[in-house]
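Chemist: give me coordinates for this.
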Amino acid sequence: MFKITPNPPHTDPIPQDPTLSPQKVKEATDRALDYYLRPEDLAAPPPSPRFRPIYLVDPTLDDETLLVEACESLSYAHAKAGNIANSIGGPERKPLLALQQVLMMNELLVNRLLHSFRLP
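Modeler: A predicted model of the protein is given here:
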């Protein structure tokens, strides 16, 4: 009997990528097998990483640059609180106006300190 379609070519059942390191493949395989076959090893908490702060101010920045950034941030917050306070009414408006006043006072304090840096 004659077959119309030929047999598929014989290939390796697991294709090997030449860019993969055999050592990395072995490590990944071991991790996967350990995850499924030895879950008790994973129950132990991992060692805690050393303390790393999430937010860090660049220690090389000078004081004047930091004051400029603080003044601008307070200015934006003051303006945003004023816009929100003007868009609402009733009892919710008073706390926003108080917040706006606190922001404005701190902006003035930082601005005064900033001007003392600029004076000869």
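Chemist: what about the chain, any weak spots by pLDDT?
Modeler: 1, 12-17, 39-49, 51, 119-120 (pLDDT under 70).
Chemist: ok, which stretches of it are helices?
Modeler: For the chain, the helices defined by DSSP state H cover 22-37, 39-42, 63-87, 93-118.
Chemist: may I see those helices organised as a markdown table, with distance to Pro9 added?
Modeler: Every residue, glycine included, has its C-beta placed from N, CA and C. A markdown table is the format used below for those (distance: least, C-beta to C-beta, whole Å):
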| stretch | distance to Pro9 |
| --- | --- |
| helix 22-37 | 25 |
| helix 39-42 | 41 |
| helix 63-87 | 66 |
| helix 93-118 | 73 |
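Chemist: dump those into TSV; add mean neighbour count as well.
Modeler: Formatted as TSV, the helices of the chain follow (neighbours: other C-beta atoms under 10 Å):
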stretch	mean neighbour count
helix 22-37	10
helix 39-42	8
helix 63-87	15
helix 93-118	14
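Chemist: nearest to His10, of those helices?
Modeler: With C-beta to C-beta, the closest approach to His10 among the helices of the chain belongs to helix 22-37: 23.2 Å.
Chemist: with only the CA atoms kept, save the closest one in CSV.
Modeler: The C-alpha coordinates for helix 22-37 follow below in CSV (Å, rounded to 0.1, in the frame of the first residue of the first chain):
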residue,chain,number,x,y,z
PRO,A,22,23.7,23.3,30.8
GLN,A,23,24.5,24.4,34.3
LYS,A,24,21.6,26.9,34.4
VAL,A,25,19.2,24.3,32.9
LYS,A,26,20.3,21.9,35.6
GLU,A,27,19.8,24.5,38.4
ALA,A,28,16.3,25.4,37.0
THR,A,29,15.4,21.8,36.8
ASP,A,30,16.5,21.1,40.4
ARG,A,31,14.6,24.1,41.7
ALA,A,32,11.4,22.9,39.9
LEU,A,33,11.7,19.4,41.2
ASP,A,34,12.4,20.6,44.7
TYR,A,35,9.4,22.8,44.6
TYR,A,36,7.1,19.9,43.7
LEU,A,37,8.8,17.0,45.4
